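Q: What would the 3D arrangement of this be:
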Amino acid sequence: MGRNGSMQQHAEPVSEPEAQPAIAERLATFAADLRFHEIPHEVRERAKHLILDALGIALASTRHDFARCALAGLEALGDRGAVPVIGFGTPLTARDAATLNGILCHGLDFDDTHLAGIVHATASAFPAALSASASAGASGRDMLAAYVLGVEVAARLGAVAKGGFHQVGFHPTSVCGVFSSALLAGRLMGLGRDQLAMAQGIALSMAAGSFEFLEDGAWTKRLHPGWAAASGITAAALAKGGFIGATAAYEGRFGLYRSYLGPLETRCDYGLATAGLGEVWEVMNVALKPYPACHFTHGCLDAAIALASEQVFDPAAIRRVTALVPEGVVKTVCEPLSSKRRPQNAYDAQFSIPYQVAAALLRGRFTLEELAPEALEAPEILGLAARVDYALDSESTFPKHYSGELVIETLDGRTVRRREPINRGAPDRPLTNEEIALKFMTNATTAVPDAKARALRELVLRLDEVSEARHLAEKLGER
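A: Below you'll find the predicted structure:
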């Protein structure tokens, strides 16, 4: 009885909800259990074309100073290895080759983007898979499955942040790419589930990538995906050796999102990290770039090129151009406005709405030629760029789409508008596999003969038939 003589009431025991495994554990299980035949045919085909796109960009990048300087720096370390560098033929260690190949894939800012994650997933997943596969003696099929795994993970980890990384100055391509690289490399190294989970905890201390390059056009953004690939390989190797990493790499008190995002962490949706694994294939949601520029600018570029195809613009007759852009892209491609209106180098220009809009309106295109020194100094482009302003687009569906709208006001009082709600190349307006193959040939043949480019194209597109991924690496490395 109770103290007052009444019958004691006992509450029924309440069962605690079963605790969900840590995100790292769930991703590790996916990485360990994924089987090649479980990846749908259309996903495998798209994956090969994404790799092909990155390869074409990498070959084109070999002609630039940043590539030669990066190679010289890594060669100076004196660590010769057995994994060839794309287009250079120089064999480096697996990690150094992954670093340089990542620089090449991302070097022209022409590579793919998972829009919701705002991640250039291929630029780290492809170099990491190439190095790890070559080192492990894996098959082309093994490499392709690992690459798909890397894209699936990087895309989801980026999506969790809902654009937050950009707002605090971190590049999600490298911050998220180190974890996906650790998982795909670990899979190729034969790690078990516990080791794959541990690799992510080790990778937490390697996640890096600053946006300070925006202030002066530094080359460091090009390094980010390669560094993520190399660090992921390192994390996987340490985990295989028994090294202990943090268990709550993502949701912990000092995990990825709380440490990197600060107050913006409250906007995160942690469920996106593992949503639809093995059922929804984010490879199919990767956007291809039709223009060599930050993906945030593509909606406005689409609008400018469409307007230029309809009429010839006299820059002297334009009073002002207003670009309507999503709020989440302003810090990257619109500010500081004075600097964006007069880029100091090609990399500045690739992150400048004013410059790109002006060039595309006047030339009807935006290609690598619009990043050449003579274009960057063209008085008519700079004069119009000085009259390009921006405003926030309240109707944007960013980050699902990188929309854009232009409003052109002329001196005679006319107003011309063009809106592109879905950027060309987005999953809802995709480039076809045939268009990707054409883009590859256009880029690759700036560095290698047409016959060689065609042979490489065919090799990549039958990657799942290649008995040894090392054979692919050797062919890609031939001068």
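
Q: Quickly list what residue 113 is bridged to.
A: Beta-bridge pairing for residue 113 (DSSP bridges): residue 287.

Q: What residues of the helix or strand hosting residue 380 count as buried?
A: Taking DSSP states H and E as the definition, residue 380 sits inside helix 379-385. For helix 379-385, the neighbour count (16 or more other C-beta atoms under 10 Å) marks 381, 382, 384, 385 as buried. C-beta coordinates here come from the backbone N, C-alpha and C atoms, glycine included.

Q: cool, stretch 403-415 as well?
A: 403, 404, 405, 406, 407, 408, 409.

Q: got the contact list for that stretch?
A: 297-304, 307, 313, 317-326, 357, 361, 393, 395-397, 416-423 (C-beta atoms under 8 Å, 6 or more residues apart in numbering).

Q: Show the pLDDT at residue 302.
A: With respect to pLDDT, residue 302 scores 97.

Q: so what's it closest to, chain neighbours aside?
A: In this structure, residue 302 finds its nearest non-sequential neighbour in residue 420, 4.1 Å apart by C-beta to C-beta, 6 or more residues apart in numbering.

Q: give me the beta-bridge partners of the one you found?
A: On the basis of DSSP bridges, residue 420 is bridged to residue 404.

Q: Look up how far residue 312 lies from it.
A: 20 Å (C-beta to C-beta, to the nearest Å).

Q: Compare these two and say which is more crowded by neighbours.
A: Applying other C-beta atoms under 10 Å to residue 420 and residue 312 shows that residue 420 carries more neighbours, namely 22 against 9.

Q: Please list the outside residues in contact with stretch 166-173.
A: Where contact means C-beta under 8 Å, 6+ apart, the residues beyond stretch 166-173 that reach it are 106, 117-121, 123-124, 154, 157-158, 161, 165, 209-212, 221, 224-225, 228, 260-262, 264, 328-329, 331-332.

Q: ignore the last one, stretch 470-479
A: If you take C-beta under 8 Å, 6+ apart as the criterion, stretch 470-479 is touched by 55, 83-91, 130-131, 133-134, 137, 140, 143, 452, 455-456, 459-460, 463, 466.

Q: if you set the cut-off to 6 Å instead, what comes out?
A: 83, 84, 85, 86, 89, 130, 134, 459, 466 (C-beta atoms under 6 Å, 6 or more residues apart in numbering).

Q: got a list of what residue 32 touches?
A: 193, 196.

Q: roughly how far apart are it and residue 193?
A: Shown here: residue 32 relative to residue 193, a distance of 5 Å by C-beta to C-beta.

Q: now residue 62
A: Residue 62 sits 39 Å away from residue 193, going by C-beta to C-beta.

Q: sorry, back to before: from the chain's centre, how far out does the helix holding residue 380 sit?
A: Centroid separation for helix 379-385 versus its chain: 30 Å, with C-alpha atoms, centre = their mean, to the nearest Å.

Q: Looking at it now, give me its mean pLDDT.
A: So the average pLDDT for helix 379-385 ends up being 97.

Q: Can you give me the distance of the residue sitting nearest the centre point of the chain to residue 420?
A: Centroid-nearest residue in the chain, with C-alpha atoms, centre = their mean: residue 120, separated by 0.4 Å. Per C-beta to C-beta, residue 120 is found 21 Å from residue 420.

Q: hmm, back to that, neighbour-wise, which of residue 62 and residue 193 wins?
A: The neighbour count for residue 62 versus residue 193, taken as other C-beta under 10 Å, is higher for residue 62 (19 against 15).

Q: wait, doesn't the more buried one sit right on residue 444?
A: No: assessed by C-beta atoms under 6 Å, residue 62 is found out of contact with residue 444, at 10.3 Å.

Q: Any regions of the chain where pLDDT drops low?
A: 1-19 (pLDDT under 70).

Q: Could you list the domains of it?
A: Per the record, the chain has its domains at 23-288+463-477, 295-420, by automatic domain parsing.

Q: okay, how far is it across the last one, tip to tip?
A: The first and last residues of domain 295-420 sit 14 Å apart, counting by C-alpha to C-alpha, to the nearest Å.

Q: One more: the longest one?
A: End-to-end span of domain 23-288+463-477 (C-alpha to C-alpha): 37 Å.

Q: roughly how far out does it sit from the chain middle?
A: The mean C-alpha position of domain 23-288+463-477 is separated from the chain mean by 9 Å, C-alpha atoms, centre = their mean.

Q: Perfect, that will be all.
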